[in-house]
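**Student:** structure for this input, please:
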Amino acid sequence: MELRLAENIARFRKSRGYTQEELAKRLSISSQAVSKWENAQSLPDISLLPALAGLLETDIDTLMGYIPKKKAVTPYEERYKIEEYYWGTMPGEMCLELLRRCYPTRPLRLLEVGCGEGKDAVFFARNGYQVTAFDVTESGIEKAKRLADIHQVEVNFFRADLHDYRLDEEFDVIYSSGVFHHILPELRREIMENYIAHTAPGGMHAINVFVEKPFIPVPPDSDGGENWVSGELFTYYRDWLLEECRETVFDCRSGGIGHKHCMDTVFARKLPENGGKENGGF
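**Tutor:** Predicted coordinates:
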């Protein structure tokens with residue numbers, strides 16, 4: 001908790017344009033105290049938390065790294081409460097592509113960002129990956145855990161909001177499908193750099209994003225995200241090996257009504273400094 005709180009104080013302070021001295025002055029404390037908070041050397045006094053959260057334009061739960069159960073941040077919270085699986089239980093096509101590119105000849109640490117009801121995370125676990133997966137929906141995480149129990153695999157499922165959650169451990173693979181349009185444009189660079197920094201040399205990102213196109217109407221079951229600009233995703237991997245990057249327009253019937261999407265997809269590998277592949281060439 002201390003590390004998460006420290007990271008959140010620093011991140012929200014910077015995003016609101018405060019220096020440590022300015023924040024300290026507004027709270028009537030020393031700048032050294034703020035520095036110690038951000039370096040996880042001490043914790044704010046509980047009496048300062050309301051004022052601190054207010055100045056940083058957030059709430060205490062978010063600052064501490066929690067998501068209140070009453071906080072519905074996506075329509076999928078309700079959509080996942082039905083008995084059947086909203087997206088089904090078959091893995092997406094990207095899962096098979098990733099399996100071919102990063103076959104786990106040894107246990108590979110895989111993170112799925114925005115796992116929904118867990119179908120892809122469970123697929124990866126069944127194929128030998130060490131899987132960690134998070135989603136913002138409580139209902140989705142509950143169904144994901146049930147699916148893992150059915151298939152008798154172990155997945156570290158937990159609930160988190162991708163706007164607030166940052167990685168503090170390294171992964172071999174980071175995978176996400178149909179989620180990144182929920183990242184606010186002003187947070188994209190920070191989040192992408194965090195994911196890139198916490199990817200092992202030789203590791204891979206398999207990610208797709210919805211792309212804005214003037215000839216494609218807003219889908220009938222829009223979940224309120226903001227589509228990316230065509231090609232924007234690929235720019236974050238200019239120092240990586242782009243094994244594949246593509247843009248496709250496809251038909252979809254989610255929500256029961258036919259519509260179209262445009263999506264950019266990247267399979268990018270983080271090469272070690274010597275330019276080769278490490279860890280058995282996974």
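
**Student:** checking D149 next. Helix, strand or coil?
**Tutor:** Using DSSP: H, G, I helix; E, B strand; the rest coil, the structure places D149 in helix.

**Student:** so what's the residue count around it?
**Tutor:** Taking other C-beta atoms under 10 Å as the criterion, the count of residues near D149 is 12. Just so you know, the C-beta spots here come from the backbone N, C-alpha and C atoms, and that holds for glycine as well.

**Student:** need the per-residue pLDDT for it.
**Tutor:** D149 carries a pLDDT value of 97.

**Student:** doesn't T235 make contact with M192?
**Tutor:** No. Applying C-beta atoms under 8 Å as the test, M192 and T235 come out as separate, 9.5 Å apart.

**Student:** between those two, which has more neighbouring residues?
**Tutor:** M192 (18 against 10).

**Student:** excluding chain neighbours, what is closest to that one?
**Tutor:** Leaving aside its sequence neighbours, M192 sits nearest to Y236 (C-beta to C-beta, 6 or more residues apart in numbering; 4.7 Å).

**Student:** which residues touch the one you found?
**Tutor:** R189, M192, E193, I196 (C-beta atoms under 8 Å, 6 or more residues apart in numbering).

**Student:** what touches both of M192 and T235?
**Tutor:** With C-beta under 8 Å, 6+ apart as the test, M192 and T235 reach no residue in common.

**Student:** got the domain boundaries for this protein?
**Tutor:** Using automatic domain parsing, the domain parsing of the chain gives 2-64, 76-269.

**Student:** which one of these is the most hemmed in?
**Tutor:** domain 76-269 (a mean of 17; mean count of other C-beta atoms under 10 Å).

**Student:** how much space between the residue nearest to M192 and Y76?
**Tutor:** 25 Å (C-beta to C-beta, to the nearest Å).

**Student:** please apply the same query to L48.
**Tutor:** Counting by C-beta to C-beta - L48 and Y76 are separated by 35 Å.

**Student:** so what's the most centrally placed residue in the chain bridging to?
**Tutor:** What sits nearest the mean C-alpha location of the chain, by C-alpha atoms, centre = their mean, is V113, with 3.7 Å. Using DSSP bridges, the bridge partners assigned to V113 are F134.

**Student:** mean pLDDT lowest where, among the domains of the chain?
**Tutor:** domain 2-64 (a mean of 87).

**Student:** and the residue nearest to A144 when sequence neighbours are not counted, what does it touch?
**Tutor:** The spatial neighbour of A144 that comes closest, neighbours along the chain excluded (C-beta to C-beta, 6+ apart), is G118 at 2.6 Å. By C-beta under 8 Å, 6+ apart, the contact set of G118 is A133, G140, I141, K143, A144, K145, L147, A148, V155, F157.

**Student:** could you pull out the strands for the chain?
**Tutor:** 109-113, 130-135, 155-159, 171-176, 199-210, 241-252, 259-269 (DSSP state E).

**Student:** any idea how far A6 is from G65?
**Tutor:** The separation that A6 has from G65, given C-beta to C-beta, amounts to 10 Å.

**Student:** all helices of the protein, in order?
**Tutor:** 2-15, 20-27, 31-38, 49-55, 60-64, 76-79, 93-101, 119-126, 138-150, 188-197 (DSSP state H).

**Student:** let's have these in a markdown table, adding distance to V229.
**Tutor:** Shown next, in a markdown table, are the helices of the chain (distance: least, C-beta to C-beta, whole Å):
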| stretch | distance to V229 |
| --- | --- |
| helix 2-15 | 21 |
| helix 20-27 | 33 |
| helix 31-38 | 33 |
| helix 49-55 | 33 |
| helix 60-64 | 28 |
| helix 76-79 | 24 |
| helix 93-101 | 21 |
| helix 119-126 | 26 |
| helix 138-150 | 28 |
| helix 188-197 | 11 |
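
**Student:** nearest to H181, of these?
**Tutor:** helix 188-197 (10.2 Å; C-beta to C-beta).

**Student:** now that closest one against strand 199-210, angle please.
**Tutor:** Our comparison of helix 188-197 with strand 199-210, counting by axes from the mean of the first three to the mean of the last three C-alpha atoms, to 10 degrees, yields an angle of 140 degrees.

**Student:** what sits up against helix 188-197?
**Tutor:** Helix 188-197 has contacts (C-beta under 8 Å, 6+ apart) with R11, V113, L162, H163, R166, L167, I174, F180, I183, H205, Y236, K270.
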